[in-house]
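Engineer: dropping a prediction and its sequence here:
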Amino acid sequence: MSLFSALSVSASGMTAQRTRAELLAENLANAETTRTPEGGPYRRKDAVFATDYTESPFASVFEAQMSAVAGGGPEGVGVADIVVDDREPERRYLPGHPDADAQGYVAFPRVNPAEDMVDLMGSAQNYEANVAAISAVKDMIQRSLDLFR
């Protein structure tokens, strides 16, 4: 794996973590949303990651041929799916609420703000780890160039 391939892997990780953070922020923003255009309360969303075997644009011809023989190109991570929570909504007794049913219960999304905040902090830390990896590769490339001077 070349240094440029390592950059590609870290960049894919940053993209995946950004998508996850956006979904977590959407969950937190809609934690109390009882009515959506689709009908019913907001449904929690989560990203599912999977290994991404996309070919690096920086791969040499030799590296591309070796990767094909070995069974794949540089590995990264990508968002394979966005899963929508299909559990029954949480019901709260609020008879004066505009979305209350005949018994006075309102359907709320099953969003746990504490859990989503912890997940958001983890996503931010993973993003920062990828930034650090890119910075380390950048430093290695710079030192390699300095050796040729």
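Structural biologist: That came through fine. Numbers count the residues shown, from 1 in each chain.
Engineer: where in this structure is the helix or strand with the lowest mean pLDDT?
Structural biologist: Across the helices and strands of the chain, the lowest-confidence element by mean pLDDT, DSSP states H and E is helix 61-70, at a mean of 62.
Engineer: just the buried positions in the helix or strand following that one, please.
Structural biologist: Taking DSSP states H and E as the definition, the helix or strand that follows helix 61-70 towards the C-terminus is strand 76-84. Of the residues in strand 76-84, those with enough neighbours to count as buried (16 or more other C-beta atoms under 10 Å) are G76, V77, G78, V79. C-betas here are computed from N, CA, C, even on glycine.
Engineer: next one: strand 76-84 to chain centre, how far?
Structural biologist: 7 Å (C-alpha atoms, centre = their mean, to the nearest Å).
Engineer: tell me the strands beside it, with direction?
Structural biologist: Strand pairing for strand 76-84, using DSSP bridges, gives strand 45-52 (antiparallel).
Engineer: tell me which element the residue most central in space within the chain falls in.
Structural biologist: Against the mean C-alpha coordinate of the chain, by C-alpha atoms, centre = their mean, the closest residue is R20 at 2.7 Å. Under the criterion DSSP H and E, the helix or strand holding R20 is helix 3-29.
Engineer: just checking, what packs against that helix?
Structural biologist: Packing partners of helix 3-29 (3 or more C-beta pairs under 8 Å, 6 or more residues apart in numbering; DSSP states H and E): strand 45-52, strand 76-84, helix 113-147.
Engineer: okay, the angle between that helix and helix 113-147?
Structural biologist: Between the axis of helix 3-29 and that of helix 113-147 there is an angle of 160 degrees, by axes from the mean of the first three to the mean of the last three C-alpha atoms, to 10 degrees.
Engineer: per-residue pLDDT, E75?
Structural biologist: The confidence metric pLDDT takes the value 78 at E75.
Engineer: contact partners for it?
Structural biologist: Each residue near E75 by C-beta atoms under 8 Å, 6 or more residues apart in numbering is listed here: V9, T51, D52, Y53.
Engineer: with neighbour count, pLDDT and distance to Y127 added, can I get the residues you listed in a markdown table?
Structural biologist: What follows is those, written out as a markdown table (neighbours: other C-beta atoms under 10 Å; pLDDT from 0 to 100; distance: C-beta to C-beta, whole Å):
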| residue | neighbour count | pLDDT | distance to Y127 |
| --- | --- | --- | --- |
| V9 | 19 | 89 | 14 |
| T51 | 11 | 88 | 18 |
| D52 | 19 | 82 | 17 |
| Y53 | 13 | 70 | 22 |
